[in-house]
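Visitor: structure, please.
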Amino acid sequence: MNPNPRHRPFHQVDVFAGQAYRGNPLAVVLDAQGLDAATMQHFANWTNLSETTFLLPPRDPRADYRVRIFTGAEEFPFAGHPTLGSAHSWLESGGVPKSGGHVVQECAAGLVRIKLDGGRLAFAAPPLTRFGPVEDPVRRQLAAALRVSAGDIVDACWLVNGPEWIGVLLESAEQVLALEPDQAAMGDLKIGVIGPYHPGAGTDFEVRTFLPGAGTVEDPVTGSFNAGAAQWLVGSGRAPEQYVASQGTVLGRDGRIHVSTEDGDVWVGGESTTCIRGTVLL
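Guide: Model prediction:
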């Protein structure tokens, strides 16, 4: 822990929802200089949120800021809702992008571009470092963990873009909403499940994500998984180049993830609202 704590600017931001307190909250420490990883991890665990971010001066001259992202149990090289929430806080606190057109975030996974898309921020989905079919033993574990039959799984795919997600496609959004997973059977797997709605439902897909090994049983809204899922589903023709997914419904949230494709890039966007603004002693 920091032997000489001081008050640092702090935000709590609700991400991926048009209305405050209906998305996924994020704690943002806007000046994390001088904090070591143990202090960051301890504070992230204390917040009891799915993720906490710490903003630092960039090391790469192309970046506007550097971010470190912690769950309650571990550090992530990249995560989606922390990316949007951190960019929102940085801009709201007076940050001015070097490029003018995009914010460039530096994180352990590399540089991530973020653009203003209407009233939303959107990040360019980072490349998948592992992508491909899930092995049969893992597929059996998925079925057991989700308490579905093997035949209910339309497809399953590794979608690693920092977090080691496995994407599971079911036939319908209703099947996704009805899941009652077996947490113990998941082990350390990070599982994202997606299923399509019928036309005219208002959103195109329902998403749920589970990562009990990282300290979060079910995440309210998950940018990194939605980024990987968009690359998978759009690339395979199972989703249009522009769609909206809902997430957090089972948890009483109203998350909305806006996916679009532009010049070969997949963009994942959503609205953010600063709900708490003040200082934190660290």
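Visitor: packing partners for the host helix or strand of residue 218?
Guide: According to DSSP states H and E, residue 218 maps onto strand 216-219. Strand 216-219 sits against strand 205-211, with contacts defined as 3 or more Cβ pairs under 8 Å, 6 or more residues apart in numbering; DSSP states H and E. The way it works is simple: take the backbone N, C-alpha and C, and place the C-beta from them, glycine included.
Visitor: packing partners for the strand it packs on?
Guide: Partner elements for strand 205-211 (3+ Cβ pairs under 8 Å, 6+ apart): helix 173-178, strand 190-196, strand 216-219, helix 223-235, strand 243-247.
Visitor: and the longest one, average pLDDT?
Guide: This means helix 223-235. Mean pLDDT, helix 223-235: 97.
Visitor: quick one: that helix to strand 190-196, angle?
Guide: Note on geometry: by axes from the mean of the first three to the mean of the last three Cα atoms, to 10 degrees, helix 223-235 and strand 190-196 are set 50 degrees apart in direction.
Visitor: list the buried residues of helix 223-235.
Guide: 223-234 (16 or more other Cβ atoms under 10 Å).
Visitor: please save the CA atoms from that helix in PDB.
Guide: C-alpha atoms of helix 223-235 as PDB (Å, rounded to 0.1, in the frame of the first residue of the first chain):
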ATOM      1  CA  GLY A 223     -17.400  -4.600 -23.900                       C
ATOM      2  CA  SER A 224     -14.500  -7.000 -24.500                       C
ATOM      3  CA  PHE A 225     -16.700 -10.000 -25.000                       C
ATOM      4  CA  ASN A 226     -19.100  -8.100 -27.300                       C
ATOM      5  CA  ALA A 227     -16.100  -6.900 -29.300                       C
ATOM      6  CA  GLY A 228     -14.900 -10.500 -29.800                       C
ATOM      7  CA  ALA A 229     -18.500 -11.800 -30.500                       C
ATOM      8  CA  ALA A 230     -19.000  -9.100 -33.100                       C
ATOM      9  CA  GLN A 231     -15.800 -10.100 -35.000                       C
ATOM     10  CA  TRP A 232     -16.900 -13.700 -34.800                       C
ATOM     11  CA  LEU A 233     -20.600 -13.300 -35.800                       C
ATOM     12  CA  VAL A 234     -20.200 -10.500 -38.400                       C
ATOM     13  CA  GLY A 235     -17.200 -12.400 -39.900                       C
END
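Visitor: cool, thanks, signing off.
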